[in-house]
Every structure is written in structure tokens, then in C-alpha cells.
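Engineer: no sequence on hand, only this structure:
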């Protein structure tokens, strides 16, 4: 990746994070708040790519890290949903 591409990618990630926070704290629209809640998670995960936004880094390395981050997100989401279902089962067994 060239220096210009690295700078654009880094600034896009930081811009997404800032825009997400602005959407969350604006008091006018629940739709913008909802968009902000989703994009703040995406931005936080994408922020892990910032150390790879350097000149000379191959795009393959950036994609590899992106896939690893998405796999970790999927595992964490599956654990969260699975835990919620187990808790519901536990609460139903107390009846």
C-alpha cells in the first residue's frame, strides 16, 4: 500500500469512529442514534487495523487481520447469544 492509501485508510477509520460518537450523542433522532450504536462497534473493530496503515504494508495483510477480527466478533456474538439462551433455560427451570 502506498503512503497515500495508508493515510486515507487510517483517516477513514478514525472518521468513522468520530462520526459514530457524534451520532450517539446527538439529541434529535433515534434513527441516527441507532446507526451510531452499530457503527461505533464497527469502528472499534476497524480501529484494530490502524497499526497496519503504514506504507509498504500489503493489502493481503490488512485483509487477513480483517478476517481475524470478524471471526473473533462472530465467536463473541455466538457466546453471548448462547449464554442468553442458557440463562433463559435456567430461569425456566426455577418455575
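Structural biologist: Structure received. Model, not experiment: these values are computed from the prediction.
Engineer: ok, residue 56 touching residue 1?
Structural biologist: Yes - because the distance of 7.3 Å satisfies C-beta atoms under 8 Å, residue 56 is recorded as touching residue 1. C-beta: built from backbone N, CA, C; applies to glycine.
Engineer: compare neighbour counts for those two and give me the winner.
Structural biologist: Relative neighbour count places residue 1 above the other of residue 56 and residue 1, with 18 against 8, counting by other C-beta atoms under 10 Å.
Engineer: can you tell me what sits against stretch 30-40?
Structural biologist: With contact meaning C-beta atoms under 8 Å, 6 or more residues apart in numbering, stretch 30-40 is reached by 16-17, 19-26.
Engineer: try it again at 10 Å.
Structural biologist: Contact partners of stretch 30-40, identified using C-beta atoms under 10 Å, 6 or more residues apart in numbering, comprise 16-17, 19-27, 29, 43, 46.
Engineer: please apply the same query to stretch 15-23.
Structural biologist: With C-beta under 10 Å, 6+ apart as the test, stretch 15-23 has contacts from 29, 31-44, 46-47, 50.
Engineer: looking at these, which are in strands?
Structural biologist: Where the contacts of stretch 15-23 are compared with strands, as defined by DSSP state E, there is no overlap at all.
Engineer: report the buried members of those residues.
Structural biologist: Of all these considered here, the ones buried according to neighbour count by 16 or more other C-beta atoms under 10 Å are 36, 39-40, 43, 46.
Engineer: residues in contact with residue 46?
Structural biologist: 9, 12-14, 16-17, 39, 66, 69.
Engineer: could you tell me which of those belong to helices?
Structural biologist: Residues from the contacts of residue 46 lying in helices, with DSSP state H as the criterion: 9, 12-14, 16-17, 39, 66, 69.
Engineer: now, which of the residues you listed sits nearest residue 77?
Structural biologist: Nearest to residue 77, judged by C-beta to C-beta, of these is residue 69 at 12.6 Å.
Engineer: return the subset of the contacts of stretch 15-23 lying in helices.
Structural biologist: Counted as lying in helices by DSSP H, out of these, are 31-44, 46.
Engineer: which non-adjacent residue is nearest the residue nearest the centre of the chain?
Structural biologist: What sits nearest the mean C-alpha location of the chain, by C-alpha atoms, centre = their mean, is residue 42, with 2.4 Å. Nearest residue to residue 42, sequence neighbours excluded (C-beta to C-beta, 6 or more residues apart in numbering): residue 16, at 7.1 Å.
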